[in-house]
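A.B. asks: Requesting a structural model of the entry that follows:
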Amino acid sequence: MVSRQEASELAQNKPLSFLHISRPEIDLPEVTNPYDDQVYDQGKKRLEEMRAQGNLLQDKQKQYYLYQMQDGAHIQTGLVALASVEKYNQNQIVKHELTRKEKETDRIRMIDGMNAQASPVLLACPASPKFREIIAPVLQTTAENEIKDERGVVHRLWLAGDPAVMRELDQLFNQGGFQKLYIADGHHRSAAASQIAARRKAANPNHRGQESYNYFLSVIFPADEMKILDYNRAITDLNGMTPGAFLQALEPAFQVAAAKAVERPAHPQEMILYLAGQWYQLKVKKEKIPRDPTASLDVSLLYDLILAPILGIGNPRTDKRIDFIGGIRGLEELKKRVDTGEFALAFGMHPTKMEQIMQVADADEIMPPKSTWFEPKLVDGLVSHLL
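C.D. replies: Numbering: from 1, shown residues only. Here you go, the predicted structure:
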């Protein structure tokens, strides 16, 4: 989640930063198109160099890892494993987002060119006391790796190669302990893995189904440990209305109240608005809340009750009048964007819950764009999967 300039600054004077592999354009002239062939060639070259120099080592045996992220008081611990492309194709590893072709193609070219998956897909499994019980003894040992990223998040990695632990994990995940896994973040990477597997299967007359290309790198966290931040919206104009007329247009669907101080929405179906130097609290009237799992999401209510009918916003994936601002930047960022005149108004949202995402996925529906901001983020480079 960094720009080219930010990636370049993070990797400056750090020849072993994994950004030289995952963002190889930082080692090429700034004018280089990020989708140019030489970008993918550069990433492959740096990966091969780090392997040849012994900076990256391949395990001598198959094993799982445990990956823990600690962000202040928040701790989540998941399983690093290879997820089955076949189960993804059969919708047992469930999607909730559409993918963009250009981004999917970029992931295909990166993975295919490097012959490796270096960015894990973030998966969720239902909450499981059994999972915590299995991994507890491993977590009592010293972590193999511990790093603190630039935001202060601590990332820890344990080897979980004990045969007894591996058998229990296999039984839990592969023998019916979970009916489904859910993609939280990484829809383009998993879609790319599926396409690469199909191509390599077609080109391999001796395909058996156990080849490494039949799997993609993932980290699986229990859903109740995952943290989702708000994903907020800012709009460039009021669609020809005055601020007063706009507030009046909200009244049929919302209870509107001026706020003395800015606070994050405390409950679903509530949101905040910053307009003309003033914060407002908006609460959706009960009769306006549909029962459908997707239509009842806060981001859907915002679009269906305000953005489309009042502000005239079209497809939020393509409309240039709307921008999306991750909750990690705080509500002051919304105020700043409006006060500078860049936008006319901004909405602060209540975070989507993991249970809502799972309900949408179970209903075989698609989440609205920019509905979830998972935090903290996985880091590339701790574990990679060679094809």
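A.B. asks: What lies in contact with stretch 169-184?
C.D. replies: 64, 79, 81, 83, 87, 92-97, 121-126, 128, 130-131, 134, 160, 190, 220-221, 223, 226, 354, 357-358, 361-362, 372, 374 (CB atoms under 8 Å, 6 or more residues apart in numbering). (C-beta placed from N, C-alpha, C; glycine too.)
A.B. asks: Can you list which of those are found in strands?
C.D. replies: With DSSP state E as the criterion, strands contain 64, 79, 81, 83, 93-94, 121-125, 160, 220-221, 374 from among the contacts of stretch 169-184.
A.B. asks: filter the contacts of stretch 169-184 to the buried ones?
C.D. replies: 64, 79, 81, 83, 93-97, 121-126, 128, 131, 134, 160, 190, 220-221, 223, 226, 354, 357-358, 361, 372, 374 (16 or more other CB atoms under 10 Å).
A.B. asks: hey, what's the residue nearest to the spatial centre of the chain bridged with?
C.D. replies: In the chain, the centroid-proximal residue (CA atoms, centre = their mean) is Asp185; its distance is 3.0 Å. Beta-bridge partners of Asp185, counted by DSSP bridges, are Leu122.
A.B. asks: Surely it and Leu122 touch.
C.D. replies: Yes - between Asp185 and Leu122 a contact is recorded at 4.0 Å, counting by CB atoms under 8 Å.
A.B. asks: list residues touching both of these two?
C.D. replies: 374, 378.
A.B. asks: what bits of the protein have low per-residue confidence?
C.D. replies: 1 (pLDDT under 70).
A.B. asks: how does it divide up, domain by domain?
C.D. replies: 4-52, 64-227+375-386, 231-350 (automatic domain parsing).
A.B. asks: Go through those domains and name the closest to Gln58.
C.D. replies: domain 64-227+375-386 (6.7 Å; CB to CB).
A.B. asks: For that closest one, measure first residue to last.
C.D. replies: 15 Å (CA to CA, to the nearest Å).
A.B. asks: The stretch 251-387 of the chain: helices as residue ranges?
C.D. replies: Secondary structure of the stretch 251-387 of the chain (DSSP state H, counting those that start in this stretch): helices at 298-302, 332-339, 354-362.
A.B. asks: which residues sit against the first one?
C.D. replies: Outside of helix 298-302, the residues that reach it under the criterion CB under 8 Å, 6+ apart are 231, 233, 265, 268-271, 284, 288-289, 294-295, 347, 349-350, 352, 368, 370-371.
A.B. asks: Buried members of those residues into ChimeraX, please.
C.D. replies: Burial among the contacts of helix 298-302 is assessed by 16+ other CB under 10 Å; the matching ChimeraX selection reads:
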select :231,233,265,268,269,270,271,284,294,347,349,350,352,368,370,371
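A.B. asks: In strands, which of the contacts of helix 298-302 appear?
C.D. replies: 231, 233, 270-271, 284, 347, 349.
A.B. asks: Of those, just say which sits nearest to Pro316.
C.D. replies: Closest to Pro316, out of all of those and judged by CB to CB, is Arg233, at 8.3 Å.
A.B. asks: Surely that closest one touches Ile322?
C.D. replies: Yes - under the criterion of CB under 8 Å, Arg233 lies in contact with Ile322, with a separation of 6.1 Å.
A.B. asks: hey, what's in contact with both of those two?
C.D. replies: With CB under 8 Å, 6+ apart, Arg233 and Ile322 have common neighbours Leu307.
A.B. asks: quick one: the helices in the stretch 51-200 of the chain?
C.D. replies: 85-89, 101-114, 129-139, 163-174, 187-203.
A.B. asks: Do I have it right that Ser218 meets Lys87?
C.D. replies: No - under the criterion of CB under 8 Å, Ser218 makes no contact with Lys87, lying 11.0 Å away.
A.B. asks: And stretch 51-63, how far out from the chain middle?
C.D. replies: Here the centre of stretch 51-63 is set off from its chain's centre by 27 Å, with CA atoms, centre = their mean, to the nearest Å.
A.B. asks: How about residues contacting it?
C.D. replies: 16, 47, 50, 159-161, 166, 384, 386.
A.B. asks: ok, so of those residues, who is nearest Ala259?
C.D. replies: Once CB to CB is applied, the member of the contacts of stretch 51-63 that ends up nearest Ala259 is Ser384, at 47.2 Å.
A.B. asks: how close does that closest one get to Ile75?
C.D. replies: Distance from Ser384 to Ile75, counting by CB to CB, to the nearest Å: 24 Å.
A.B. asks: higher neighbour count, these two?
C.D. replies: Ser384 (21 against 13; other CB atoms under 10 Å).
A.B. asks: Pretty sure that one sits against Ile111.
C.D. replies: No - the criterion here is CB under 8 Å, and Ser384 misses it with Ile111 at 10.6 Å.
A.B. asks: Find residues that contact each of those two.
C.D. replies: Gln117.
A.B. asks: My read is that Met166 contacts Tyr64, right?
C.D. replies: Yes - between Met166 and Tyr64 there is a contact under CB under 8 Å: 6.1 Å.
A.B. asks: what touches both of these two?
C.D. replies: By CB under 8 Å, 6+ apart, the residues touching both Met166 and Tyr64 are Ala160.
A.B. asks: Would you mind listing the residues in contact with the closest residue to Ile306 other than its chain neighbours?
C.D. replies: Distances taken as CB to CB, 6 or more residues apart in numbering place Leu250 nearest to Ile306, at 6.9 Å, with adjacent residues excluded. Taking CB under 8 Å, 6+ apart as the contact definition, Leu250 lies against 256, 282, 306, 310.
A.B. asks: need the contact list for the third one.
C.D. replies: In other words, Ile306. With the criterion set at CB under 8 Å, 6+ apart, Ile306 makes contact with 250, 253, 347.
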